[in-house]
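Asker: Starting from these lines, generate the structure:
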Amino acid sequence: MQKIRFFYHDRHPVFKSKTKLKQFVGSIFLMEKRKMENISYIFCSDKHLLGINKEFLDHDYYTDVITFNLGKPTDAIEGEVYLSFDRIKDNAKKMGVSINEELHRVIFHAALHLCGYKDKNKADIKVMRLKEEAYLKKYFS
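Answerer: Alright, predicted model coming up:
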């Protein structure tokens, strides 16, 4: 049985319906034809995520999300996703979207990373953005 769990390190965003959101994230894996076992989403501050970015990725900059796939490529997906709620709020303001929309976009973005999508070059970013938008539209319709 697949499990999607939310943990709150030092930030606690409020969701209209966590149950609906968790079910939808699970459905992303079904729609992408990927088997998923467990995913933990951990909401935290910029400071906390910067520490993770430095320690595990040797990057010294803020980011909105870091996704770790903990399983083997042949296994069902198990992952940990760290999200900076500070960065999400800041990015929402910069992009002129609601915090709620940006929060959901980043949650879906992480699921897509776990499904194998990348965002390191222009072509990959374009595919990732199209997928994010499609899932946002489907979720909020």
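
Asker: Packing partners of the lengthiest helix in the chain?
Answerer: The single longest helix within the chain, with elements called by DSSP state H, is helix 122-140. In terms of contacts (3 or more CB pairs under 8 Å, 6 or more residues apart in numbering; DSSP states H and E), helix 122-140 is packed against helix 18-31, helix 99-114. Placement of C-beta: from N, CA and C, glycine included.

Asker: For that helix, give me every contacting residue.
Answerer: The contact list for helix 122-140 (CB atoms under 8 Å, 6 or more residues apart in numbering) reads L21, F24, I28, E101, H104, R105, F108, H109, L112, Y117, K118, D119.

Asker: ok, T63 touching R87?
Answerer: Yes - T63 is within contact range of R87, at 6.6 Å (criterion: CB atoms under 8 Å).

Asker: Give me the more crowded residue out of those two.
Answerer: R87 (20 against 16; other CB atoms under 10 Å).

Asker: Flag the shaky bits of this structure, pLDDT-wise.
Answerer: 1-2 (pLDDT under 70).

Asker: cutoff 90 now
Answerer: Within the chain, the ranges that satisfy pLDDT under 90 run 1-2, 71-75.

Asker: For the longest helix of the chain, buried residues please.
Answerer: M128, K131, E132, Y135, L136, Y139 (16 or more other CB atoms under 10 Å).

Asker: Spatially nearest residue to F15, not counting backbone neighbours?
Answerer: L21 (5.7 Å; CB to CB, 6 or more residues apart in numbering).
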